[in-house]
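> the following comprises the amino acid sequence and a computationally predicted model.
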Amino acid sequence: MSNEVIAHHEDVHAAHDAHGEHHHHETFITKYVFSQDHKMISKQFLITGIIWAFIGGLFSVLFRLQLGYPNAHFAILEDIFGHWAKGGQIQPEFYYALVTMHGTILVFFVLTAGLSGTFANFLIPLQIGARDMASPMLNMLSYWFFFLASVVMFSSLFVQTGPAAGGWTIYPPLSALGDASQGSKIGMDLWLVSMALFIVSSLLGGLNYISTILNLRTKGMSMTRMPLTMWAIFFTAVLGVLSFPVLLSGAILLLFDRNLGTSFYLSDIVVSTANGLKILPNEGGSPILFQHLFWFLGHPEVYIILLPAMGMASEILSVNSRKPIFGYMAMVGSLFAIAILAFLVWAHHMFVTGLNPFLGAFFVLLTLLIAVPSAIKVFNWLTTLWRGNIRFTPAMLFAIGFVSLFISGGLTGIFLGNSALDIHLHDTMFVVAHFHIVMGVASFFGMFAGIYHWYPKMYGRYLNTTLGYIHFWATIIGAYLIFWPMHYEGLAGMPRRYYDYSGWESFKMFAGLNEFISFVAMVVFAVQLLFIFNFFYSIFKGRKVKVQNPWGANTLEWTTPINPGHGNWPGEIPEVYRGAYDYAKDGREFIPQTEPIGANESHH
């Protein structure tokens, strides 16, 4: 080959790499607002999620005030909320709206969009060795649909009749009849429109994640060499793409019932009006149909939230134990089994709807079966830690905390999965305790672990470690103090979503306990503010990252520059020769995936 040809070849190559680095001159708008760089989009999801988490957490503090101090009056509440807190006391309609919005915001806007949107976007191209997502344009649209959904949901807090109030599951007929309550008026329509936009966002994201993982892996990155985070995010995206459309149909049919006079969920309804009773013309619908549609998404949704946290916990436990993850293929297999079973258990939310007991028995069996892959994961996490050379970074503590919460919260699921026991426990505080520990707090711990671990890659700076330790210990102790006692309230039959328990002889004995839970909830919320301060302060003032691979990890994202540009790698994308978990092998602490396998290398 002549020198000119070689020179030309190198120029073309350099131009291609420069193109990977900078597509064109970027303005503030194209870089920070309508960005198509997956790293920037992930930060947009994360910061929007943090804002929503603050709002959703604040709502829980407000309704805990009512539960802990049912007869107290706080003048400041009336100053802020006006007629929603007449005389300094949260009104019953507003209380129910707070509970509804708290659930909706944290389940969908924080733990679905905030968790998947952040880490799927950030990690997929970096860990599989791609310049960006399969479709950066769709990726950008996915964030902006989420943002639009956020705007609509947020605006519902300011309408005169108040936001949606029907519980986050918005069961009809309460949600289908505008006259049923204040919270069933325009706020409910806004809720449904917001959820429709949110689902479009999730589907755009999910399709992008799946196609990127399947098609854009770098040379040598076979599926079985991918980090477990990639497997978890892949299955999460598949779950979302298959189940979210069902909720979309459920929500749209509910909008039809509310505004177009259809009867999908309504039949034989009598309403009380000022002029006496009025029989509605709706016939032939079934509110149970809505429950089927809702929970067909609602149960996979639990795993859409949990799986990314499981993947990140696996990665972080392995990196900080300085040991390979125990049973890689078993971990992949259990993720797959959980993804399949997640679709087959939805009716365990419906044991008290008059479901045929024989049909219930199948759902009991499938629900208990899902404990098997979960137990495999727990066993493998614990054996990864066993005799490891553990570094207790804040990320590692949160990952271990995730395992702890997943075990203790998961065990109570065995009670609720039993249809006979569930008749007593359904819709009591026991259910609240169970799903907050296993899904809510555990997933938050997975998210925090991910933020502490990948923050240096995101912003080129470290979070403050001392604040990280305070954040961890206060949050895990607080979470157990809040939710563990609720199991006992639930066993005593105390129902959830009640405004005031002080009038019941049977629940008066829990007054002191409720006050204690409310106090701890406020303390834990204050500690989260410390984390938010740490997060935003460290973006500008945190200790700068000086080394390319601060945690000594094997995965590809640590082979990029400290602050990677658009395109991630300045030169060629590295080739992969091994799995992601070669730690403590042949006398070496870690061996990156990009290092070729040596002739005398042992097999793990």
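Nice, thanks for sending it over.

> count of residues packed around the closest residue to K31 other than its chain neighbours?
Leaving aside its chain neighbours, K31 sits nearest to M40 (6.9 Å; criterion: CB to CB, 6 or more residues apart in numbering). Quick note: C-beta positions are derived from backbone N, CA and C, even for glycine. Look at M40: counted by other CB atoms under 10 Å, it has 20 neighbours.

> now I80
Neighbours of I80 using other CB under 10 Å come to 10.

> can you confirm G468 is in a helix?
Yes: assigned with DSSP: H, G, I helix; E, B strand; the rest coil, G468 falls within a helix.

> any idea how far Q66 is from it?
33 Å (CB to CB, to the nearest Å).

> I'd guessed V271 sits against S181; true?
No: using CB atoms under 8 Å as the test, V271 is too far from S181 to be in contact (11.4 Å).

> more neighbours, the two?
The residue with more neighbours, out of V271 and S181, is S181; 20 against 12, by other CB under 10 Å.

> could you tell me the per-residue confidence at that one?
pLDDT, S181: 90.

> what's the answer for D11, then?
Looking at D11, the pLDDT reads 41.

> before we move on, what about H23?
pLDDT, read off for H23, is 50.

> give me the number of residues near N320?
26.

> swap in P245?
Neighbours around P245, by other CB under 10 Å: 15.

> who's in contact with it?
Residues in contact with P245, defined by CB atoms under 8 Å, 6 or more residues apart in numbering, are 199, 203.

> just F234 next, same as before
209-210, 213.

> out of these, who has the most neighbours?
Y209 (27 neighbours).

> of the contacts of F234, which belong to helices?
Per DSSP state H, helices hold the following members of these: 209-210, 213.

> need those residues in TSV with pLDDT and distance to L530, can you?
Below are these laid out as TSV (pLDDT from 0 to 100; distance: CB to CB, whole Å):
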residue	pLDDT	distance to L530
Y209	97	32
I210	97	37
I213	97	35
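
> show me the strands in the chain, by range?
Under the criterion DSSP state E, strands of the chain are mapped to 270-273, 276-279, 583-585, 588-590.

> buried deepest among these, which one?
strand 583-585 (a mean of 19; mean count of other CB atoms under 10 Å).

> pLDDT on that strand, on average?
91.

> and the helices in the stretch 51-200 of the chain?
75-81, 92-104, 118-128, 136-155, 186-215 (DSSP state H, counting those that start in this stretch).

> export the ones you listed as a markdown table, with columns for distance to L111.
Shown next, in a markdown table, are the helices of the stretch 51-200 of the chain (distance: least, CB to CB, whole Å):
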| stretch | distance to L111 |
| --- | --- |
| helix 75-81 | 26 |
| helix 92-104 | 11 |
| helix 118-128 | 11 |
| helix 136-155 | 13 |
| helix 186-215 | 12 |
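
> residues of stretch 500-515 that come out buried?
By 16 or more other CB atoms under 10 Å, the buried positions in stretch 500-515 come out as 501, 507, 510-511, 514-515.

> which pair of these spans the longest distance?
F507 and E515 (13.2 Å; CB to CB).

> quick one on the thing from earlier: what is the nearest of the ones in helices among the contacts of F234 to F519?
The closest of those, once distances to F519 are taken by CB to CB, is Y209, at 41.0 Å.

> which residue packs closest to that closest one, ignoring adjacent ones?
Here the residue nearest Y209, using CB to CB, 6+ apart, is A237, at 4.1 Å.

> so which of the helices of the stretch 51-200 of the chain comes closest to I482?
helix 92-104 (13.7 Å).
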